[in-house]
Each structure stands twice: as structure tokens, then as C-alpha cells.
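In: Kindly return the folded structure for what I paste below:
(chains A, B and C)
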Amino acid sequence: MPDRTRSESHSRKALRRLRRSELPGETVELARYLIGKTLGHDLAEGRVSGRIVETEAYPIGDAAAHAFRGETARNRSLFLEKGHCYVYFAYGSCWMMNVSSEEAGVGAGVLIRALEPIDGLEIMERNRGTSRRTDLTRGPGRLAEAMRINKSLDGLDLCSRQSPLWLAAPVQPTGDIGVTTRIGLSREAHRQLRFYERVNPFVSGPKSVLI
DNA sequence: AGTGCGATTGACT
DNA sequence: GTCAATCGCACTA
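Out: Residues are numbered from 1 along each chain as shown, chains lettered A, B, ... in the order given. Now for the predicted structure:
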């Protein structure tokens, strides 16, 4: 199916932005809840959006979490009320996006690890420098580049009406959800805090089935 | 001021 | 499948 047809068919569907009150108030619950929801970014040249198909929870007290050692200039967005955006730079090359997940003053978040592209595939291809569909948004660094998410969006309220970066209700039914250990960690490596849609080619890593 | 280390990716065998 | 580039940040002195 040509990109334009696919894009138009999705755009016709009314998007309902998620209200803060409907987000679960606990980090692990939010990580599971976000699977199947829509993440969008309204750019000058058009909208880019995708279905969230993979997340990781970094809950309160988790030694692998950026917030574990307390609030700093870098991680302060994790301490905003649930539904705010925390963006950080990793490995000298990648931006990654989290959704803050607890009450104000408590540091925790959910890393968005992969999307299934919905709108703006041409824009994503330009942003990523590739037209290989499965490489556009599979992985936290790749999806940030495709969606043009960077430090300038750090601290944004994803539930605000005016926000260019937003969360919305699912555009199609959500499939079965699986759980595994998180990817790329040395500490707390045993914890089962990675969630993904089980049958989806845009999921970035292993798919052990534990649920 | 110096050091070590990643919540990864893309290139390559 | 393996592997190293890359640089901001936190930690030590």
C-alpha cells in the first residue's frame, strides 16, 4: 500500500488525546498501559505518529533508573507529574524518550523503545536517512530520530492541549502483551520490566513469552 | 580536572 | 552473529 493511502486512512480516524487522569499512577502499570497507544509529534511539515509497541519501566527505587540517585539538572523531568516528557542523550549519539510516571517530586519513568509507524512515513524516512520500514522506529534511538524528538522537547507536558508532542488513544486493537527483562542494563538486570506487543515486527529485541 | 561508563546503533564477518 | 564509535554525565580527588 502506498504511504499516502495508508496515511490518509489513519488520519480520517479521530484521535483522542489521553488525559492525565486516565494514566495509571504507578510506573509499571503505565509501561503496560502505554502499549498500543499512539505517540504523535506535530511538525511544521506535517504529523509523525506511531503505535507504541515496546516500553520499559524504571520504577521508584530501581538502581538502574536515572532518577535513582536523586534529582539533577539532567533528570529533573522524571520528577514532574506523570505524563511529562524526559529526553536524554545516550552513547554520544542517540536521544531517548521517557514518560514521567509518578506524582510530582517522585522520580520514575517509562522508556518508549519502539513504535509502529502510522502517519508521516515520508518525514520519518527523511529524518532517519533510510526507507527501510522496520528500521524507522525500531529501537529508542531510532524512534526519537524518526519522530524528531530531542532535548528541546524535554519537560513537555504530553497531556497538554497545546503540546506538539502528545499521547492518544489506540487507532487499532492492541494485541497480546509479553514481558521480558530490560535491554542493555548491568544493574537490576533480572527484573521483568520490559513490555511489548507479542506479534509485531517493529519490536526491537528478544520476545521471550512470559505472559 | 580526570576518569569510567552507559536505558544504542550501524557497520561488518 | 560480533564490535567499537562517541560524548554527556556523575563520581572521585
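In: show me where chain A has helices.
Out: Along chain A, the segments classed as helices by DSSP state H run A:3-11, A:27-33, A:121-128, A:133-136, A:140-146.
In: Reformat those helices as TSV; add mean neighbour count.
Out: Placement of C-beta: from N, CA and C, glycine included. Formatted as TSV, the helices of chain A follow (neighbours: other C-beta atoms under 10 Å):
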stretch	mean neighbour count
helix A:3-11	14
helix A:27-33	21
helix A:121-128	19
helix A:133-136	18
helix A:140-146	24
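In: Reformat the ones you listed as a markdown table; add mean pLDDT and distance to residue A:152.
Out: A markdown table is the format used below for the helices of chain A (pLDDT from 0 to 100; distance: least, C-beta to C-beta, whole Å):
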| stretch | mean pLDDT | distance to residue A:152 |
| --- | --- | --- |
| helix A:3-11 | 48 | 25 |
| helix A:27-33 | 98 | 24 |
| helix A:121-128 | 96 | 14 |
| helix A:133-136 | 94 | 21 |
| helix A:140-146 | 97 | 12 |
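In: Nearest to residue A:188, out of the ones you listed?
Out: helix A:27-33 (12.9 Å; C-beta to C-beta).
In: Verify the contact between residue A:195 and residue A:176 for me.
Out: No - contact criterion C-beta atoms under 8 Å: residue A:195 and residue A:176 do not qualify, at 11.0 Å.
In: burial of residue A:132, as a residue count?
Out: For residue A:132, the neighbour count with other C-beta atoms under 10 Å is 9.
In: Now do the same contact list for residue A:142.
Out: Contacts of residue A:142 were listed using C-beta atoms under 8 Å, 6 or more residues apart in numbering, and they are A:128, A:135-136.
In: separation between it and residue A:49?
Out: According to C-beta to C-beta, to the nearest Å, residue A:142 and residue A:49 sit 15 Å apart.
In: Check residue A:125 too.
Out: For residue A:125, the distance to residue A:49 equals 15 Å [C-beta to C-beta].
In: Output the set of residues of chain A in proximity to DNA strand C.
Out: A:69, A:72-75, A:88-89, A:91-93 (C-beta under 7 Å from any atom of the strand).
In: among those residues, which are within reach of DNA strand B?
Out: Near DNA strand B, by the rule C-beta under 7 Å from any atom of the strand, you find A:91-93 out of the residues of chain A next to DNA strand C.
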